[in-house]
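Asker: Sequence isn't available, so here's the structure alone:
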């Protein structure tokens with residue numbers, strides 16, 4: 001096993017990387033003299049991986065299994081609840097499930113090795129009984145129903161149903177009350193055996209630690225053997241929406257809207273594409289943009305307005321929204337601005353200011369151990385480092401941003417979801 005060390009002198013950071021004999025990716029960001037440590041350990045398995053191939057055999061599972069697994073992994077065979085036991089050891093543990101990954105993490109200032117060992121052990125020790133699975137079903141069902149009643153949640157998923165006809169990104173990560181009724185202990189064991197294997201997982205640590213010791217502990221607890229990694233079967237979809245508008249009535253004080261466009265990521269240079277996309281969106285409708293200033297003055301948007309990008313597995317989606325007295329007007333004005341930029345390009349001075357602001361935000365983000373480790377977890381899958389971002393950002397051109405918006409934010413691809421005040 002070789003540990004590769006790369007120093008990023010421009011940002012004063014160091015990244016150490018290794019792939020253990022069992023296939024586990026390890027990323028360590030050493031921070032000598034710091035008392036705080038952060039560690040995340042997870043699998044590239046999320047809500048989109050409902051179907052997969054393993055050993056040549058196809059397996060189809062209900063929606064919500066990845067999230068259900070995350071809920072159940074904190075129970076150990078000896079009856080110990082890991083959240084409680086790690087808290088006693090001075091750690092702050094938690095986990096999340098996204099469309100394409102499930103990550104377990106903790107931060108602490110003491111007992112780091114003990115907490116790391118606990119993290120590695122419990123994530124790779126499945127323990128499910130019919131009774132505990134049934135109990136959790138009730139908890140997750142309540143969670144699903146709670147989110148169904150939240151306007152922010154509703155406006156998002158109504159938009160996803162416009163943008164996608166069959167791709168599972170249109171559905172809640174937790175599944176539905178009906179789909180989780182199909183999940184039993186055998187389902188959870190099967191999916192854990194398939195996806196929670198070192199070759200499909202990554203461990204990222206930042207703090208006053210030694211990479212050699214992190215690797216040694218991981219190999220000791222996870223074993224040396226390699227296991228076949230499953231092949232997710234996620235349908236590809238890149239068609240324009242069949243319908244462009246939807247609305248619901250819910251208990252909100254003002255109309256809530258979310259517009260969006262789905263597109264296929266190129267996957268050629270993942271980090272560059274994401275940086276170009278986010279810089280383009282900042283330039284188009286960020287809080288310093290002429291578009292934002294004009295619509296804010298006219299009372300069409302308020303401080304709730306924001307825009308974002310997400311890249312779940314083999315698709316990507318651009319969204320922008322908030323509260324507005326006239327969502328259709330905002331939708332139309334944003335598309336007009338995108339069309340203008342596609343034809344004329346960006347103001348050179350504004351482009352350079354946006355790049356500097358983006359660079360400043362990224363450099364400040366390097367101070368956040370949580371953000372750096374979670375970004376490193378994502379980057380390990382695609383072969384980039386979060387510390388590459390400043391150099392990539394510096395080389396991005398105005399033409400790349402103009403071309404991105406011209407390709408993605410068009411009237412043929414953009415849909416609008418609205419939640420109107422009233423009784424649902």
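Answerer: Structure received. Predicted model only: the values in this text are computed from it and were never measured.
Asker: Any figure for the gap between the residue most central in space within the chain and residue 413?
Answerer: By C-alpha atoms, centre = their mean, the chain has its centre lying nearest to residue 98, at 5.5 Å. Counting by C-beta to C-beta, to the nearest Å, the gap between residue 98 and residue 413 amounts to 24 Å. Backbone N, C-alpha and C define where each C-beta goes, glycine included.
Asker: Quick check: residue 67 vs residue 352, distance?
Answerer: With the distance defined as C-beta to C-beta, residue 67 ends up 43 Å from residue 352.
Asker: Residue 301 belongs to a helix, doesn't it?
Answerer: No - counting by DSSP: H, G, I helix; E, B strand; the rest coil, residue 301 falls outside a helix, being coil.
Asker: Quick one: end-to-end length of stretch 247-263, please.
Answerer: End-to-end distance for stretch 247-263: 23 Å, by C-alpha to C-alpha, to the nearest Å.
Asker: Quick one: mean pLDDT for it?
Answerer: In this model, stretch 247-263 has an average pLDDT of 96.
Asker: Enumerate the positions of that stretch that are buried.
Answerer: Within stretch 247-263, the residues scored as buried using 16 or more other C-beta atoms under 10 Å are 248, 250, 252, 255-263.
Asker: The stretch 1-150 of the chain: strands as residue ranges?
Answerer: Under the criterion DSSP state E, counting those that start in this stretch, strands of the stretch 1-150 of the chain are mapped to 4-8, 13-19, 25-30, 37-43, 51-54, 57-60, 91-97, 102-108.
Asker: Dump those strands into TSV; add mean neighbour count as well.
Answerer: Written out in TSV, the entries for the strands of the stretch 1-150 of the chain read as follows (neighbours: other C-beta atoms under 10 Å):
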stretch	mean neighbour count
strand 4-8	13
strand 13-19	20
strand 25-30	23
strand 37-43	25
strand 51-54	16
strand 57-60	10
strand 91-97	19
strand 102-108	23
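Asker: quick one: which of the ones you listed is nearest residue 373?
Answerer: Taking C-beta to C-beta as the measure, those were each checked against residue 373, and strand 37-43 came out nearest at 5.1 Å.
Asker: helices or strands up against the closest one?
Answerer: The contact analysis (3 or more C-beta pairs under 8 Å, 6 or more residues apart in numbering; DSSP states H and E) places strand 37-43 against strand 102-108, helix 112-123, strand 201-207, helix 369-382.
Asker: Ok, which of the ones you listed comes nearest residue 286?
Answerer: Taking C-beta to C-beta as the measure, the helices and strands packed on strand 37-43 were each checked against residue 286, and helix 369-382 came out nearest at 19.4 Å.
Asker: Grab the nearest non-local neighbour of residue 74.
Answerer: Leaving aside its sequence neighbours, residue 74 sits nearest to residue 82 (C-beta to C-beta, 6 or more residues apart in numbering; 4.5 Å).
Asker: Next, count neighbours for the one you found.
Answerer: By other C-beta atoms under 10 Å, the residues close to residue 82 number 22.
Asker: Surely it touches residue 88?
Answerer: No - Residue 82 lies out of contact with residue 88 (C-beta atoms under 8 Å); the separation is 10.6 Å.
Asker: and residue 343, how many neighbours does it have?
Answerer: The local packing count at residue 343 equals 9, with neighbours defined by other C-beta under 10 Å.
Asker: Compare the helices and strands packed on strand 37-43 and give me the one nearest residue 241.
Answerer: If we rank these by C-beta to C-beta, the stretch that ends up nearest is helix 369-382, at 27.7 Å.
Asker: Just the buried positions in the closest one, please.
Answerer: With burial defined by 16+ other C-beta under 10 Å, the residues of helix 369-382 counted as buried are 369, 371-380.
Asker: mean confidence score for stretch 287-296?
Answerer: So the average pLDDT for stretch 287-296 ends up being 96.
Asker: Now do it: everything it contacts.
Answerer: For stretch 287-296, contacts defined as C-beta atoms under 8 Å, 6 or more residues apart in numbering pick out 282-286, 301-302, 305, 330, 333-334, 337, 350, 353-354, 357.
Asker: next one: stretch 107-114
Answerer: Around stretch 107-114, the neighbours that count as contacts under C-beta under 8 Å, 6+ apart are 35-39, 89-92, 115, 207, 209, 213, 217, 369-370.
Asker: all helices for the stretch 51-200 of the chain, in order.
Answerer: Listed in chain order, the helices of the stretch 51-200 of the chain (DSSP state H, counting those that start in this stretch) span residues 65-72, 82-88, 112-123, 130-148, 151-163, 177-180, 185-195.
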